[in-house]
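Asker: Show me how the following folds:
(one chain, ligands or ions: 1)
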Amino acid sequence: MITREIGQTGISVNAIGLGCMGLSEFYGPATEKSEAIGLLHKAIDLGVNHFDTAEMYGMGANEALLGEAFAGKRDKVVIATKFGPLRDKSTGEFVGIDGSEANARRAVEESLSLLKTDYIDLYYMHRMDQSRPIEETVGAMAKLVEEGKIRAIGLSEASAETLKRASAVHPIAALQSEYSIFSRDIEAAQLPTLNEIGASLVAYSPLGRGMLTGRFTAENRPADFRSGDYQPRFADGAYEANLALVEEIKSIADGLKVEAAQIALRWVLNRGDNILTIPGTTKLANLQVNLGSGEIELSDAQMATLNALADKVQGARYNEQGMASIDA
Ligand code: ATR
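Answerer: Down below sits the predicted model:
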């Protein structure tokens, strides 16, 4: 098991955590509650101690699930959650991003209540509120630290400039961004900045939303939010081209007699000592595979082959609307 500190918080976790979003929505229907709780318990038994959720995942359902699962186990888990994006409770539609102090206070109280805890270990601004300065939002979050409601502050999908401005107000423990063999946009600006400010990267979608595991084929396409226009890499044409690139990951995996998912996760962890990752899964067998990625080694030549893939990927990470919410 690879243990890494989150920023300079003194909080050390298994570098392979668990992204919990898919247990509630986006990747097909929600996992049945007792099964989901069983998976979360098993994850703790297997050494996972960093669990990532957000106010918006299942509009509270995901946090409520973790709250129920972690009753009596709070000391065994580091809980990360996020606020900012607002959804219409009746339709689920996204209606804006609010980084005001009032919204931070409302959201943190709701998250604490759903998570059934009196502190959140790592609290992220989920997407930047372009209508107000980051200093205002981080200033509000700093008060939550002082009040003991949250232990550390993170930003998700923030630019290098935003990270620097934020860290002048309060230490930033982590940036959470998409980062994988296929998604390396943050290498130019954000990764060097994280080193400068002493923060970690928490890499989400390290498996390219499942694509890098080799589980998808021309016949077996995901029939969920990845199949609509929201995910250009899964759209007709791009999908086939990207699957051809996955063959290169599979061939390295086959040579090492390991899973493609393990290659994808190992690649992420090899890219920096301050990188943690939170692959999402709803299945115990996949969780076990993912945790095994800490044990494998990739040669320089294998890393070089994988490094060459991102430039050939077709399609943006999100559609135009999704990309507009990224602070690049
Ligand atoms: P996100 O961060 O958005 O959750 P991700 O971690 O890149 O995205 O990928 C999550 C997807 O990969 C999920 O669809 C998950 O499906 P299951 O719930 O069925 O596991 C899939 N996934 C995760 N680990 C996997 C593995 N080892 N093999 C195959 N698919 C896996």
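Asker: does residue 8 count as helix, strand or coil?
Answerer: Secondary structure, DSSP: H, G, I helix; E, B strand; the rest coil: residue 8 is coil.
Asker: now residue 43
Answerer: Per three-state DSSP, residue 43 ends up helix.
Asker: right, and it touches residue 18 too?
Answerer: Yes: counting by C-beta atoms under 8 Å, residue 43 touches residue 18, with 5.3 Å between them. Just so you know, the C-beta spots here come from the backbone N, C-alpha and C atoms, and that holds for glycine as well.
Asker: So between these two, which is more surrounded?
Answerer: A side-by-side neighbour count of residue 43 and residue 18, using other C-beta atoms under 10 Å, places residue 18 first with 27 against 24.
Asker: Spit out the contact partners of the residue nearest to the spatial centre of the chain.
Answerer: By C-alpha atoms, centre = their mean, the chain has its centre lying nearest to residue 204, at 2.9 Å. Residue 204 makes contact with 19, 52, 156, 176-179, 277-278, 280 under the criterion C-beta atoms under 8 Å, 6 or more residues apart in numbering.
Asker: same thing but 6 Å
Answerer: 176, 178, 278 (C-beta atoms under 6 Å, 6 or more residues apart in numbering).
Asker: Save these as a markdown table, and put in distance to the ligand, neighbour count and pLDDT too.
Answerer: Formatted as a markdown table, the contacts of residue 204 follow (distance: C-beta to the nearest ligand atom, whole Å; neighbours: other C-beta atoms under 10 Å; pLDDT from 0 to 100):
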| residue | distance to the ligand | neighbour count | pLDDT |
| --- | --- | --- | --- |
| 176 | 10 | 26 | 98 |
| 178 | 8 | 20 | 98 |
| 278 | 6 | 24 | 98 |
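Asker: And residue 306, how close does it get to residue 297?
Answerer: Distance, residue 306 to residue 297, by C-beta to C-beta, to the nearest Å: 13 Å.
Asker: which of these two has more neighbours?
Answerer: Set residue 306 next to residue 297 and count neighbours by other C-beta under 10 Å: residue 306 wins out with 22 against 8.
Asker: which residue packs closest to residue 168, ignoring adjacent ones?
Answerer: Closest residue in space to residue 168, ignoring its immediate chain neighbours: residue 135 at 7.7 Å, by C-beta to C-beta, 6 or more residues apart in numbering.
Asker: quick one: secondary structure of the one you found?
Answerer: Classified using three-state DSSP, residue 135 is helix.
Asker: How many residues are close by it?
Answerer: The number of residues packed near residue 135 is 15, by other C-beta under 10 Å.
Asker: Likewise for residue 131?
Answerer: By other C-beta under 10 Å, the residues close to residue 131 number 10.
Asker: That one belongs to a strand, doesn't it?
Answerer: No: Residue 131 sits outside any strand when classified using three-state DSSP, being coil.
Asker: follow-up on the earlier one: I'd like the contacts of residue 204 as a markdown table, with distance to residue 60 and secondary structure appended.
Answerer: What follows is the contacts of residue 204, written out as a markdown table (distance: C-beta to C-beta, whole Å; DSSP: H, G, I helix; E, B strand; the rest coil):
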| residue | distance to residue 60 | secondary structure |
| --- | --- | --- |
| 176 | 20 | strand |
| 178 | 24 | strand |
| 278 | 20 | coil |
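Asker: In a markdown table: those residues, plus distance to residue 215.
Answerer: Formatted as a markdown table, the contacts of residue 204 follow (distance: C-beta to C-beta, whole Å):
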| residue | distance to residue 215 |
| --- | --- |
| 176 | 24 |
| 178 | 19 |
| 278 | 18 |
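Asker: Point out the residues in the stretch 151-300 of the chain that sit beside the ligand.
Answerer: 204-210, 213, 215, 259, 261, 279-283, 286, 289-290 (C-beta under 6 Å from any ligand atom).
Asker: Please apply the same query to the stretch 1-150 of the chain.
Answerer: With C-beta under 6 Å from any ligand atom as the criterion, the stretch 1-150 of the chain comes near the ligand at residues 19, 21-22, 27.
Asker: are any of the residues of the stretch 151-300 of the chain next to the ligand buried, and which?
Answerer: 204-210, 213, 259, 261, 279-282, 286, 289-290 (16 or more other C-beta atoms under 10 Å).
Asker: The residues you listed in strands, which ones?
Answerer: residue 204 (DSSP state E).
Asker: Now the host helix or strand of residue 86: buried residues?
Answerer: Assigned by DSSP states H and E, residue 86 falls within strand 85-87. Buried positions in strand 85-87, judged by neighbour count with 16+ other C-beta under 10 Å: 85-86.
Asker: Quick one: mean pLDDT for that strand?
Answerer: Per-residue pLDDT over strand 85-87 has a mean of 96.
Asker: Please name the strands paired to that strand in the sheet, noting orientation.
Answerer: In the sheet, strand 85-87 lines up against strand 94-97 (antiparallel) (DSSP bridges).
Asker: Tell me where the longest helix sits in the protein.
Answerer: Secondary structure of the chain per DSSP state H: the longest helix is helix 238-256.
Asker: The nearest residue to residue 189 once chain neighbours are set aside: what's it in contact with?
Answerer: Computed as C-beta to C-beta, 6+ apart, the closest residue to residue 189 that is not its neighbour in sequence is residue 160, at 3.8 Å. By C-beta under 6 Å, 6+ apart, the residues touching residue 160 are 189-190, 193.
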